[in-house]
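**Q** Any chance you can model this:
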Amino acid sequence: QVRLVESGGGLVQAGGSLRLSCAASGRTFSSYYMGWFRQAPGKEREFVAAISGTGGHTTYADSVKGRFTISRDNAKNTVYLEMNSLKPEDTAVYYCNTRPVTRDYWGQGTQVTVSS
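**A** Numbering: from 1, shown residues only. Below you'll find the predicted structure:
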C-alpha cells in the first residue's frame with residue numbers, strides 16, 4: 001500500500017523557518033514529479049512547489065518563490081520543503097503528492113501555523 005506521510009509542521013512566528021518532510025512508502029517515487037500543496041481554512045487546496053524525479057527541475061507558486069525550496073532524496077524516498085521568511089498567509093495544512101496528483105495518495109498533511 002502506498003503511503004505519503006508529511007511531517008515537520010508547527011507553530012512559528014512570522015519571519016521564521018520550517019522544514020517539512022514527505023516520506024513515501026509502498027513504492028519508489030524516484031521517477032515521478034513530486035509536489036507540495038497546501039490548504040488554508042475555507043480555501044481550495046493549492047499548488048506550492050514541485051520537483052522532477054532527478055531533482056534537476058523545480059517549479060514554485062509565485063506566492064512562495066524565493067522563500068521556499070523543494071528538494072528530494074531518492075535514496076530515502078523523501079521529499080522536503082524548506083520554508084523561510086514565513087508569513088501569516090502561509091498558514092495551512094501542507095500535503096505532498098505526485099504531480100499531477102494521484103487522488104489515492106493524499107495523506108493527513110502537516111499543519112503549519114504562522115503567527116504575526
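
**Q** Give me the pLDDT value at the residue nearest in space to the middle of the chain.
**A** Most central in the chain under CA atoms, centre = their mean is Trp36, positioned 3.1 Å from the mean C-alpha point. Predicted confidence (pLDDT) for Trp36: 98.

**Q** Is it in contact with Leu20, as I believe?
**A** Yes: the criterion here is CB atoms under 8 Å, and Trp36 meets it with Leu20 at 7.1 Å. From N, CA and C alone the C-beta is placed, and that goes for glycine too.

**Q** Wait, a helix at Arg38?
**A** No: counting by DSSP: H, G, I helix; E, B strand; the rest coil, Arg38 is not part of a helix but strand.

**Q** give me the beta-bridge partners of it?
**A** Partner residues in beta bridges with Arg38, using DSSP bridges, are Glu46, Tyr94.

**Q** Any idea how many residues pack against it?
**A** Neighbour count for Arg38, taken as other CB atoms under 10 Å: 24.

**Q** Going toward the C-terminus from whichever strand or helix holds Ile70, what's the next helix or strand?
**A** Using DSSP states H and E, Ile70 falls within strand 68-73. Once the chain leaves strand 68-73, the next helix or strand it forms, by DSSP H and E, is strand 78-83.

**Q** right, and Leu81 touches Leu20 too?
**A** Yes: at 4.2 Å, Leu81 counts as touching Leu20 under the criterion of CB under 8 Å.

**Q** contacting residues for the nearest residue to the residue nearest to the centre of the chain once chain neighbours are set aside?
**A** In this structure, Trp36 finds its nearest non-sequential neighbour in Val48, 4.3 Å apart by CB to CB, 6 or more residues apart in numbering. Residues in contact with Val48, defined by CB atoms under 8 Å, 6 or more residues apart in numbering, are Gly35, Trp36, Phe37, Arg38, Tyr60, Ala61, Val64, Phe68, Leu81, Tyr94.

**Q** separation between Val48 and Ala40?
**A** Per CB to CB, to the nearest Å, Val48 is found 11 Å from Ala40.
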